[in-house]
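Participant: take a look and give me a structure for this.
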Amino acid sequence: MGARSLQLIGRARHVLAIALFVAGGVTTGLILANRGSTSDRPPPVLPPPPDLRPAPGAPVLVHRPAHAPGEGWMIKTWPNREGQTCFAEVIPGEGQGMSCLNPQKIFSKDAIHPEVGSRQTGHDITQWDNAWVWGFAEKPITHIQLVLRDCVIRDLPVDANGVFLDVEGPDTLHAGAWPYKLIGLDDAGRAIAKTTVVFGPPPHGTTAPPVPARCA
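Facilitator: Next up, the predicted model:
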């Protein structure tokens, strides 16, 4: 039996207090989207890690999911001492992954800035058991439609701090209904921005499920 895995896609997270599971005596791997090269070239010089300490007097805000398969899921956000927006993805039973963003660059590409991740919790190492999509939405976006690969739509409110969060469980993911697309809407229901989200398959999995033409 292989190792269960956890995948964080986007910026590299500083993963703290992760209680990753071990199956069959094989050490569990942590999969990051920006893995280093395996060639003989020296690895690139990485910038110093961000200062994860909150700015003096700054609150740590808690954002809970609009939809989740269980309790304990949340995102925490706070400004650090360098003026960056920092966050922690709290993963029940495992810990939290943390990183920081430059607030001037959050919406440099789009009015929706998504962060995604996934993990395995069962014994089937060919499938993800949880997948989470969260992020920041720029005004005037007030809610997000998350389109799954079976065309089901989750309506996710954007809170007062511009954060949205959804968590999918094994019932959804094992049926091939992975998160696929985000649509940002204003109060009048007008589409302000659209973006796709990409989950890599598990190390022992296949490709992502297809998207029906009616919801592509």
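Participant: low pLDDT regions in this protein?
Facilitator: Applying pLDDT under 70 to the chain flags residues 1-40.
Participant: would you map the helices across it?
Facilitator: 170-173 (DSSP state H).
Participant: what's near enough to touch residue 102?
Facilitator: 84-85 (CB atoms under 8 Å, 6 or more residues apart in numbering). Just so you know, the C-beta spots here come from the backbone N, C-alpha and C atoms, and that holds for glycine as well.
Participant: distance of it from residue 160?
Facilitator: 21 Å (CB to CB, to the nearest Å).
Participant: residue 184 now?
Facilitator: Counting by CB to CB - residue 184 and residue 160 are separated by 16 Å.
Participant: looking at those two, which is more packed in?
Facilitator: Set side by side, residue 184 and residue 160 show more neighbours around residue 184, with 25 against 7, by other CB atoms under 10 Å.
Participant: okay but that one is in contact with residue 136, surely?
Facilitator: No - the pair residue 184 / residue 136 is not scored as a contact, 10.5 Å apart, by CB atoms under 8 Å.
Participant: give me the common contacts of those two.
Facilitator: In contact with both residue 184 and residue 136: residue 112, using CB under 8 Å, 6+ apart.
Participant: where along this structure do the strands fall?
Facilitator: 5-9, 14-16, 29-32, 61-63, 74-79, 85-91, 95-101, 112-119, 130-137, 143-148, 153-157, 163-168, 179-185, 191-196 (DSSP state E).
Participant: good, we can wrap up now.
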